[in-house]
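**Q** Below is the sequence, then the predicted model.
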Amino acid sequence: MANTMPRSFLQAAATSEEVAPPLRVVQIEGLAVLKIIKHCNEFLPSLVTGQLLGLDVGSVLEVTNCFPFPIREEDEEIEADGANYQLEMMRCLREVNVDNNTVGWYQSTLMGSFQTVELIETFMNYQENIRRCVCIVYDPSRSAQGVLALKALKLTDSFMDLYRNNNFTGEKLREKNLSWVDIFEEIPIKVSNSALASAFMTELEPELPVKQCDYDRLKLSTAPYMERNLEFLIDCMEDLSAEQNKFQYYYRNLSRQQAQQQTWLQKRRVENMARKAAGEEPLPEEDPANPIFKPILEPSRVDSYLITNQISNYCNQINGVATQSFNRLYLMKALHED
Amino acid sequence: MSTQSSKVGSVGENSIGCSGSGESKGKGTLPGFVSSEPRQTTLNSTYKKDLQVDVKRRVGHFIYSAALPFNVMNDPYWLPMAWAWASAEQSVKSHAVPSMIRDRLGHTVRNGPTGFGSYLVRSTHRSSCVSALLLQEKLTLAEVCAAAVPLSLSALRSHLMAVLQFFPPSSPVVSAKLHAVVLFNICDCYVRRPDQADRVIGTLLGSVSDGVIEIKNSYAVPHNESADQVALDVDYHRNMYLSHLKVNPKEVLVGWFSTGFGVSGGSALIHEFYVKELKEAQSSIPPIHLTVDTGFKNGEASIKGYVSSNLSLGDRPLAAQFQEIPLDLRMIEAERVGCTNLDLSSLNILHLFFSNAISTVLEHGTMRIDFEAADSCPLYVDILKTTVVDKLPNDLEGMEASMERLHSLLDEIYKYVGDVVEGRVAPDNDIGRFLADTLASVPRMSPAAFDKVFNDKIQDNLALVYLSSLVKTQLGIAEKLNTAAQIL
């Protein structure tokens, strides 16, 4: 009965705080995809970013338009310019009825090496203002292999909480059961087009059996791409081992400190016993002024997690390309057998 | 041509009644004994020779300076005008004739139809007053052509100096290339236009090289259009232009677009505005006008590009003539991501090639285009065709689709060859040659060599796969160790 009755204003206001359904799909318009591709490719090999505009509807995040950011030099005065540019663009787009709502940003990447601390920080910045935002990553080099390398990423909530508290000790992470796979969450992308645009495209492109992407995919030479991938992988491994060395160092220091503390404590106890025997007051067992009691900071694990992410990304890519080349090789073999 | 004019000459000769060159008309027995070439000198040839030469020169110069085609004299209005002139010459004082002609001409200019057709008419009127002279003197066209020498046709000239100037597009613009982004943007703007607007207008950005304009980007500009006037938000246009320039300083203003079929009156005004903008930017290229027919008139999509040239009479601009230029729809190299879609219809893209017909017929006219599919230019995105794509396919699925397509291609070729062999289909030599070339391009290697290469490659790939799996396992272990090993 309560369902059919119109809700009172209080009820409606009370329920407005309900949690939004989790983001399941990112729906991009063909226009935005083309713009992103165009912008990223124009400025190869430098990496560029831009803003995404769209609507947040239930469990679908719609991206309807985007605009690129100018390349910023490292100069303080340009900061204000950048903000001005953004405001100007938003205002102008509003006038032509484009959705004025920022839903995230896009960036181009090189061989999939986009997991950096800056990414996380940008995410945090955006998250403060916007409830739901995504980052779309486009990889031009992978697209040359014949597949549209567009990914939508989002930070997981648990990770965001941890990051906000800047609390990355091993304990906390174990508590939350958070491993490196849980930093980023990849959301499936759906591409949609307005009926008019698809009508135009269908009209203008007659059907022919083979596409350029096929030529790309069936190309036999994958060596340069694989080589670069491997190079990046090796670099990352080195970084990872550096990080691990850091951890080892930290642990060694920690254990050494602990050992020192223990010995100092022992000495104190012995002293105290001697004093008790002599009838003096016992000295405290803790001595904060002593440098060996200074807590050593545990290095943040964020970096190592990020690096791990990158490595796994490279591995995945290599796997993908290797499978493709297997296919191609067997095809060649069949062809040659005739 | 010369025969025609001589016919004119002969008609005039008969009617006027001068004894012309004295050609004998009789066909009696006498010609057998007498030569048909008159050797007797005629009055005309002796006394009027100078006059004739003078007129020839004058007429020749007139036609040359007015850039008239020399066969204006074959125009149907030539003769009646010549008659009128000739008879007017006798009854009206000579100095009054030029003013008569001028008034007549002015009247035509003010009220006559615009356009190239009437241009001919007007020029004929002008030239026919000179043609009367020609008639009188029975000059041939050939002689006139040969005698284009400067002369002082002062009376006529002063009034006719304001010649109708037709500026051919001396600009180097030959064709245009349109990127797909622009088309999508225009469609999107059209869909989002305010309710009361009928069409959308906006600016095109891009670059020019070698007479080819490449249109790379665009943005819509708010405008108001009513029956007799058009208002464009210039500030908005300038602001957006500056913003876009910040991102990519190489993309400059190249023109404007509008949705809707054909070119309308308001378009000329807007075009003027863009011409001025480009002039301010000191660019030497003329702006290009793109129309995108979103209404799908005639049941098909038409995207046309125009360049305008001005027709003016002296200082007074008469009309802007929009000439169509060939338009090329293409995607930039990197947009050729092939994703197949649920409907696996594979495509290839082509150039839209419009025939390079300069419209000379109507003011804003364009020839109806036929486009030929040039051979495949790479680049098309399947996902942009349909309304919804549910999932971007990954490597493996894409590979599968490619293989399927290749397979179907091979099937088709096989079928075709079978048909030809059995005589069901007429053989096409070109295709046959092409097939032979393709087959010949498969590298010939001995089986042993091929096997070796093949195995090597397979081993390399396997090694890579092994390495990457190893690394991933290592990562898993390391991570467990890192977080789990909190011994202290």
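**A** Happy to help now that I have it.
**Q** what are the ranges of the helices in chain B?
**A** Secondary structure of chain B (DSSP state H): helices at B:2-16, B:43-47, B:49-65, B:78-91, B:96-111, B:116-137, B:141-146, B:154-160, B:180-191, B:234-247, B:265-280, B:395-422, B:429-440, B:447-484.
**Q** Quick one: check stretch A:311-321 for contact with chain B.
**A** Yes: Stretch A:311-321 reaches chain B (C-beta under 8 Å from any C-beta of the partner chain) through A:311-312, A:314-316, A:318-321. Yep, even glycine has a C-beta here, placed from its N, CA and C like the rest.
**Q** Might you calculate how far that stretch sits from the centre of the chain?
**A** How far stretch A:311-321 lies from its chain's middle: 17 Å, per C-alpha atoms, centre = their mean, to the nearest Å.
**Q** next one: stretch A:48-68
**A** Centroid displacement of stretch A:48-68 relative to its chain, using C-alpha atoms, centre = their mean, is 17 Å.
**Q** Next, the distance between the ends of it.
**A** 8 Å (C-alpha to C-alpha, to the nearest Å).
**Q** Is that stretch positioned near chain B?
**A** Yes: judged by C-beta under 8 Å from any C-beta, stretch A:48-68 and chain B are in contact via A:64-65, A:68.
**Q** List just the nearest of those residues to chain B.
**A** A:P68 (4.9 Å; C-beta to the nearest C-beta).
**Q** How about the contacts made by that closest one?
**A** A:P68 makes contact with A:35, A:39, A:48-51, B:247-248 under the criterion C-beta atoms under 8 Å, 6 or more residues apart in numbering or on different chains.
**Q** mind checking how far the closest residue to B:I413 other than its chain neighbours is from chain A?
**A** Distances taken as C-beta to C-beta, 6 or more residues apart in numbering or on different chains place B:L435 nearest to B:I413, at 6.9 Å, with adjacent residues excluded. B:L435 sits at a distance of 14 Å from chain A (criterion: C-beta to the nearest C-beta, to the nearest Å).
**Q** same question, B:A197
**A** Where chain A is concerned, B:A197 sits at a distance of 10 Å (C-beta to the nearest C-beta).
**Q** just B:Q321 next, same as before
**A** 27 Å.
**Q** Tally up the residues packed near that residue, please.
**A** 25 (other C-beta atoms under 10 Å in any protein chain shown).
**Q** isn't the residue nearest to B:I413 right next to B:Y414, touching?
**A** No: with contacts counted by C-beta atoms under 8 Å, B:L435 stays clear of B:Y414, the gap being 10.5 Å.
**Q** pLDDT at A:A2, what is it?
**A** Looking at A:A2, its pLDDT stands at 45.
**Q** now do B:L51
**A** For B:L51, the predicted pLDDT is 73.
**Q** Equivalent analysis for B:D382, please.
**A** For B:D382, pLDDT reads 53.
**Q** mind checking how far A:A149 is from A:P295?
**A** Computed as C-beta to C-beta, to the nearest Å, the A:A149 to A:P295 distance reads 45 Å.
**Q** So which of these two has more stuff around it?
**A** A:A149 (21 against 7).
**Q** Help me confirm that that one comes into contact with A:S143.
**A** Yes: if you go by C-beta under 8 Å, A:A149 and A:S143 touch, sitting 5.0 Å apart.
**Q** shaky segments in the stretch 1-150 of chain A?
**A** Along the stretch 1-150 of chain A, the parts satisfying pLDDT under 70 run over A:1-21, A:72-79, A:145-147.
**Q** hang on, the earlier thing: and of the residues of stretch A:311-321 next to chain B, the nearest to A:D303?
**A** A:I311 (12.6 Å; C-beta to C-beta).
**Q** so that closest one sits in a helix?
**A** Yes: counting by DSSP: H, G, I helix; E, B strand; the rest coil, A:I311 is found in a helix.
**Q** what's it in contact with, if anything?
**A** Contacts of A:I311 (C-beta under 8 Å, 6+ apart): A:233, A:236-237, A:240, B:471-472, B:475.
**Q** export these to TSV and tack on distance to B:T291?
**A** Converted to TSV, those look like this (distance: C-beta to C-beta, whole Å):
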residue	distance to B:T291
A:L233	51
A:C236	52
A:M237	57
A:L240	57
B:V471	56
B:K472	55
B:L475	57
